[in-house]
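Enquirer: sharing a model that was predicted from the sequence below.
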Amino acid sequence: YGSEEWLLADIVANILSNKGEAGLLDLNINNAQKALYATAFSVGLNQYGYFSAVIVPKEDQTLDEGVTMLLEEIEKVKNGDFSDWLLPAIVNDFKLQRLKGLETADGLATNLYQTFIRKQSWKDELDEMERFQNVTKDDVVKFANEFFKDNYVAVFKEKGVNEDLIRVENPGITPVKINRDEKSEFLKEIQSIKSEEIEPEFIDYQKEIKTDEIEGKKVSFVKNKYNDVAQVHYIFPFGSDHDRELALATMVLQYLGTDKFSTEEPKKEFYKIGVSNDFKTAPDQLIISLTGLEENLEKGIELLHQWLQNAVPDQEVYEKYVQTILESRDAAKKDKTRIMRAVQDYAKFGKESRLRDVISKERLFEIRCEEMTEKMRNLFSFPYEIFFYGVDFEKFKQYSEPFIQNQEFEIPARKKYPEPATKGKVYFVNYDMV
């Protein structure tokens with residue numbers, strides 16, 4: 001950790017896969033739906049580190065084909081085949097994540113003890129962003145060609161019986177005697193420090209949360225007293241219990257472009273300005289969130305509405321995503337954690353549960369992509385509230401106003417999932433969990 005090699009490896013990992021989903025793996029494999037999932041990351045430790053690229057192939061793909069796809073994207077980095085805007089966008093995202101990480105006492109404490117563990121000085125920590133800023137595209141290409149050769153280990157996770165498994169006999173545990181009664185001088189010094197009792201601070205929500213309206217829409221505001229990071233959340237009071245296909249529509253949107261942007265460009269545009277978007281569909285609500293530096297939030301809101309209003313349906317892209325859904329469902333049936341969760345859900349709800357009430361395979365193939373884009377286009381014509389966390393509330397209201405639409409639709413009825421009495425039954429699943 002802290003070496004020039006670690007610095008460049010971290011940048012390469014983000015060129016391949018980043019939080020904005022604008023890396024080479026994100027766009028050329030995940031967004032293009034060439035595999036179920038691909039990512040890359042770098043880990044720097046005190047004495048060594050490693051770079052890892054991971055891919056989950058589709059059902060009809062081999063693991064070797066997955067390796068080939070990863071190596072093809074790494075080769076693009078070696079050839080400098082990535083956009084010039086990507087490097088400064090990555091550094092801006094690093095800065096944003098650093099600011100967010102220091103917002104809490106836990107985040108600051110973590111930063112401090114990790115700096116100590118990594119044997120870095122606080123000056124090293126403060127200078128880190130400047131070091132990232134000074135990295136050039138030539139530096140990255142040179143490092144990639146020196147680092148990425150035929151020097152990797154490919155680890156395959158396969159289903160089956162390991163015939164070559166070596167059993168190791170338990171050697172027994174040697175008890176370790178600890179001098180529990182001894183105290184170091186440092187511990188004595190710490191214990192001698194007197195600290196004041198912590199007094200509870202009770203939040204007055206009426207005082208801390210300011211409320212107003214923008215064109216009839218309720219907006220709540222909490223002032224950011226710490227940094228320039230801002231968030232806006234659009235909270236819709238309906239979710240998957242009201243519309244089973246709502247989550248599907250938000251997911252399909254991630255693979256669609258607009259009349260002005262190709263399919264991968266919305267992700268690029270958000271990442272360029274350092275604003276992340278997030279769609280969370282719960283049983284009772286949908287929340288669309290934007291997070292980034294407050295100076296770029298206006299552009300982020302404009303991008304979001306352009307994307308929702310002008311998404312171009314693509315039936316071929318939709319049908320590819322349906323295949324991904326079906327393969328993911330098959331994979332879930334082999335996942336021990338999901339199987340156990342399904343058993344618990346069945347014991348609680350019986351046959352009529354959210355877990356079982358999924359869109360059928362037949363319905364998935366019936367759906368036209370236009371139905372999904374229409375749901376997204378109409379979204380802001382339903383009732384919703386706005387929550388803003390930032391500094392300049394008045395300015396936020398001004399640039400948000402043009403995007404407020406008239407309400408044209410009512411909240412659909414919510415489906416209920418009762419919890420019948422279990423009557424002392426015990427359920428078993430016929431699956432080898434070992």
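Expert: Ah, there it is. Numbering: from 1, shown residues only.
Enquirer: isn't Thr291 right next to Ser276, touching?
Expert: Yes: Thr291 is in contact with Ser276 according to CB atoms under 8 Å; the separation is 5.1 Å. Every residue, glycine included, has its C-beta placed from N, CA and C.
Enquirer: run through the bridge partners of Leu290.
Expert: Val232, Asn277 (DSSP bridges).
Enquirer: from Ala38, how far off is it?
Expert: 25 Å (CB to CB, to the nearest Å).
Enquirer: tell me which of the two has more neighbours.
Expert: With neighbours defined as other CB atoms under 10 Å, Leu290 and Ala38 compare such that Ala38 has more, 24 against 20.
Enquirer: quick one, strands of this structure?
Expert: 37-44, 49-56, 210-214, 217-223, 229-236, 276-281, 286-293, 385-390 (DSSP state E).
Enquirer: chain center to the helix or strand of the chain with the lowest mean pLDDT, what's the gap?
Expert: Least confident helix or strand of the chain, by mean pLDDT, DSSP states H and E, is helix 336-349 with a mean of 90. Mean C-alpha position of helix 336-349 versus that of the full chain (CA atoms, centre = their mean, to the nearest Å) differs by 25 Å.
Enquirer: on that earlier part again, with mean pLDDT and distance to Leu99 added, can I get the strands of the chain in a markdown table?
Expert: What follows is the strands of the chain, written out as a markdown table (pLDDT from 0 to 100; distance: least, CB to CB, whole Å):
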| stretch | mean pLDDT | distance to Leu99 |
| --- | --- | --- |
| strand 37-44 | 96 | 21 |
| strand 49-56 | 96 | 25 |
| strand 210-214 | 96 | 23 |
| strand 217-223 | 97 | 16 |
| strand 229-236 | 97 | 5 |
| strand 276-281 | 96 | 13 |
| strand 286-293 | 97 | 8 |
| strand 385-390 | 98 | 13 |
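Enquirer: would you list those strands in TSV and tack on distance to Glu316?
Expert: As requested, the strands of the chain are exported to TSV (distance: least, CB to CB, whole Å):
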stretch	distance to Glu316
strand 37-44	20
strand 49-56	22
strand 210-214	39
strand 217-223	37
strand 229-236	29
strand 276-281	22
strand 286-293	26
strand 385-390	35
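Enquirer: related to what we said a few turns ago, may I see the buried residues of the least confident helix or strand of the chain?
Expert: Buried positions in helix 336-349, judged by neighbour count with 16 or more other CB atoms under 10 Å: 342, 349.
Enquirer: same check on stretch 401-419?
Expert: Buried residues in stretch 401-419 (16+ other CB under 10 Å): 403-404, 417.
Enquirer: just stretch 242-258 next, same as before
Expert: For stretch 242-258, by 16+ other CB under 10 Å, it's 242-243, 245-250, 252-258.
Enquirer: Pro283: how many residues sit nearby?
Expert: 13.
Enquirer: do the same with Ala9
Expert: Ala9 - counted by other CB under 10 Å - has 23 other residues nearby.
Enquirer: same check, this time on Ala282
Expert: 12.
Enquirer: residues of stretch 132-149 that come out buried?
Expert: 132, 135, 140-141, 143-144, 147-148.
Enquirer: let me have those residues in JSON lines, extended by pLDDT and distance to Asn18.
Expert: Shown next, in JSON lines, are these (pLDDT from 0 to 100; distance: CB to CB, whole Å):
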{"residue": "Phe132", "pLDDT": "95", "distance to Asn18": "13"}
{"residue": "Val135", "pLDDT": "96", "distance to Asn18": "15"}
{"residue": "Val140", "pLDDT": "97", "distance to Asn18": "14"}
{"residue": "Val141", "pLDDT": "97", "distance to Asn18": "18"}
{"residue": "Phe143", "pLDDT": "97", "distance to Asn18": "17"}
{"residue": "Ala144", "pLDDT": "97", "distance to Asn18": "16"}
{"residue": "Phe147", "pLDDT": "96", "distance to Asn18": "19"}
{"residue": "Phe148", "pLDDT": "97", "distance to Asn18": "18"}
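Enquirer: show me where the stretch 51-200 of the chain has helices.
Expert: Assigned helices in the stretch 51-200 of the chain, in chain order: 63-78, 86-101, 105-117, 122-133, 137-147, 185-192 (criterion: DSSP state H, counting those that start in this stretch).
Enquirer: so how far is the fifth one off the chain centroid?
Expert: Centroid separation between helix 137-147 and its chain, computed with CA atoms, centre = their mean, is 28 Å.
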